[in-house]
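Enquirer: take a look and give me a structure for this.
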Amino acid sequence: MTDKPYTFGLNTFGDLAFHDDGSAMNGDQTLQQVLQEAQLADQLGIDIFALGEHHRPEFAISSPEVVLGAMAALTKNIKLGTAVTVLSSDDPVRVFERFSTLHGLSNGREQIMIGRGSFTESFPLYGYDLEKYNDLFEEKIAMWDQLLQHKKMNWKGKLTQKLTDTMVYPMLPKNETIETVVGVGGSPESIIRAVYYDYAVMIAIIGGEPVRFKPYVDLYHRAVREFNKTERPLGMHAHGIILDDAEEAKEVGWKYIRAEMDRIGIDRGWAPMTRDRFEFEIDKGSYYVGTPEQVAQKLAKNMQALDMQRFDLVYGTGGQLEHQRLATIENYGKRVIPRVKELLGGK
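Expert: Numbers count the residues shown, from 1 in each chain. Sure, this is the predicted structure:
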């Protein structure tokens with residue numbers, strides 16, 4: 001891994017945050033907080049800032065592209081992306097229009113991460129049938145790929161509109177595109193699909209030992225060879241809190257990450273998180289919680305084991321206090337990323 005470039009990003013789902021006095025921020029205040037955090041990430045030289053799309057009361061971001069447009073005006077270098085855009089319950093043409101607009105606003109710093117969506121609230125909200133969960137994504141990723149070709153659209157789908165000799169505006173500048181990544185939750189079919197369309201892959205690792213995803217990494221490399229495609233950087237994202245005091249980081253995580261996972265678990269049938277399980281996730285699992293050195297050591301180990309070139313830290317899970325969120329970002333940018341690069345010996 002010594003000569004490979006690495007990319008380090010931040011993800012947020014727009015969890016409703018808290019002021020330092022413990023009072024809850026509303027949605028508007030949380031959005032302003034996220035804009036401030038994106039500016040800090042840009043100043044620290046972090047590579048990418050990506051926003052989730054959610055339609056639930058505990059999250060402030062349902063329209064990531066609008067927020068990314070505001071970020072484009074406030075930042076200079078950081079790449080601006082999604083994590084993820086639920087393409088299945090959206091119109092690929094409208095998605096293309098939004099991102100080609102963002103392309104102009106950000107001077108080409110946009111990135112879209114498309115996925116089927118682990119949260120499904122958007123399907124009934126926008127009138128899509130969950131029975132067609134897989135079919136919708138199959139058809140819409142094919143349509144998305146054609147939209148990137150700089151050609152008139154001639155398209156007739158079963159679940160999408162018919163287009164005849166249609167240009168979609170704003171057009172992208174010649175020889176430029178919208179960088180596309182596929183977000184994968186652990187489905188072999190999703191890996192194969194991403195390779196087929198020649199897109200990079202980002203694996204969401206939200207629990208358990210990261211090494212269990214090694215078969216998906218191996219599958220990716222085999223599929224690249226079999227399809228004769230370009231090998232794109234593989235990435236993963238996971239939750240984390242990085243503070244100067246390890247015990248404080250653990251207690252913050254126990255309060256906020258556990259609460260968020262238990263809240264999601266009500267809908268998904270998960271058992272409530274125990275303290276033993278939480279400690280396992282910090283020690284051997286997928287939570288990057290601790291001091292900068294502890295997080296850097298664990299992160300370098302897992303990136304090397306899985307041959308990953310990109311890592312995105314999901315920060316602010318469950319909301320967290322303003323100063324805790326900012327401390328995590330600052331420690332990540334100033335101390336963790338340089339240390340991980342040093343440990344990996346890469347660029």
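Enquirer: rest of the way, CA atoms for contacts and neighbours
Expert: Noted.
Enquirer: which residue ranges form the helices in the stretch 1-150 of the chain?
Expert: Secondary structure of the stretch 1-150 of the chain by DSSP state H, counting those that start in this stretch: the helices cover 27-44, 64-74, 92-105, 122-125, 133-147.
Enquirer: quick one: average confidence on the first one?
Expert: Mean per-residue pLDDT for helix 27-44: 98.
Enquirer: check contacts around the residue nearest to residue 102 when sequence neighbours are not counted.
Expert: The spatial neighbour of residue 102 that comes closest, neighbours along the chain excluded (Cα to Cα, 6 or more residues apart in numbering), is residue 69 at 6.0 Å. Residues touching residue 69, when contacts are defined by Cα atoms under 8 Å, 6 or more residues apart in numbering, comprise 102, 105-106.
Enquirer: which among those residues gets closest to residue 262?
Expert: residue 102 (35.0 Å; Cα to Cα).
Enquirer: would you agree residue 31 is in contact with residue 14?
Expert: Yes - counting by Cα atoms under 8 Å, a contact exists between residue 31 and residue 14, whose distance comes to 7.3 Å.
Enquirer: so between those two, which is more surrounded?
Expert: In terms of neighbours (other Cα atoms under 10 Å), residue 14 is the more surrounded of residue 31 and residue 14; the figures are 26 against 20.
Enquirer: mutual contacts of residue 31 and residue 14, please.
Expert: With contacts taken as Cα under 8 Å, 6+ apart, residue 31 and residue 14 have 60-61 as neighbours in common.
Enquirer: report the buried residues of stretch 18-36.
Expert: Taking 16 or more other Cα atoms under 10 Å as the neighbour-count basis, stretch 18-36 is seen to contain the buried residues 18-19, 24-25, 27, 29-31, 33-35.
Enquirer: now for those: which two are most distant?
Expert: With distance counted by Cα to Cα, no two of the buried residues of stretch 18-36 lie farther apart than 24 and 35, which are 17.4 Å apart.
Enquirer: so which elements touch the lengthiest strand in the chain?
Expert: Across the chain, the strand with the greatest residue count (assigned by DSSP state E) is strand 234-242. Packing partners of strand 234-242 (3 or more Cα pairs under 8 Å, 6 or more residues apart in numbering; DSSP states H and E): strand 200-204, helix 246-268, strand 288-290, strand 310-314, helix 322-331.
Enquirer: can you redo the ones you listed as JSON lines with mean neighbour count, mean pLDDT and distance to residue 181?
Expert: Conversion of those to JSON lines gives the following (neighbours: other Cα atoms under 10 Å; pLDDT from 0 to 100; distance: least, Cα to Cα, whole Å):
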{"stretch": "strand 200-204", "mean neighbour count": "23", "mean pLDDT": "97", "distance to residue 181": "5"}
{"stretch": "helix 246-268", "mean neighbour count": "17", "mean pLDDT": "93", "distance to residue 181": "25"}
{"stretch": "strand 288-290", "mean neighbour count": "27", "mean pLDDT": "98", "distance to residue 181": "23"}
{"stretch": "strand 310-314", "mean neighbour count": "23", "mean pLDDT": "98", "distance to residue 181": "12"}
{"stretch": "helix 322-331", "mean neighbour count": "20", "mean pLDDT": "98", "distance to residue 181": "23"}
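Enquirer: in CSV: the ones you listed, plus distance to residue 341.
Expert: CSV is the format used below for the helices and strands packed on strand 234-242 (distance: least, Cα to Cα, whole Å):
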stretch, distance to residue 341
strand 200-204, 19
helix 246-268, 22
strand 288-290, 16
strand 310-314, 11
helix 322-331, 14
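Enquirer: apart from its neighbours in sequence, what residue is nearest the spatially most central residue of the chain?
Expert: Within the chain, one residue has its C-alpha closest to the average C-alpha position: by Cα atoms, centre = their mean, that is residue 83, at 3.0 Å. Distance criterion Cα to Cα, 6+ apart; nearest residue to residue 83, sequence neighbours excluded, is residue 52 at 4.5 Å.
Enquirer: in stretch 152-159, what's buried?
Expert: Judged by neighbour count (16+ other Cα under 10 Å), stretch 152-159 contains these buried residues: residue 153.
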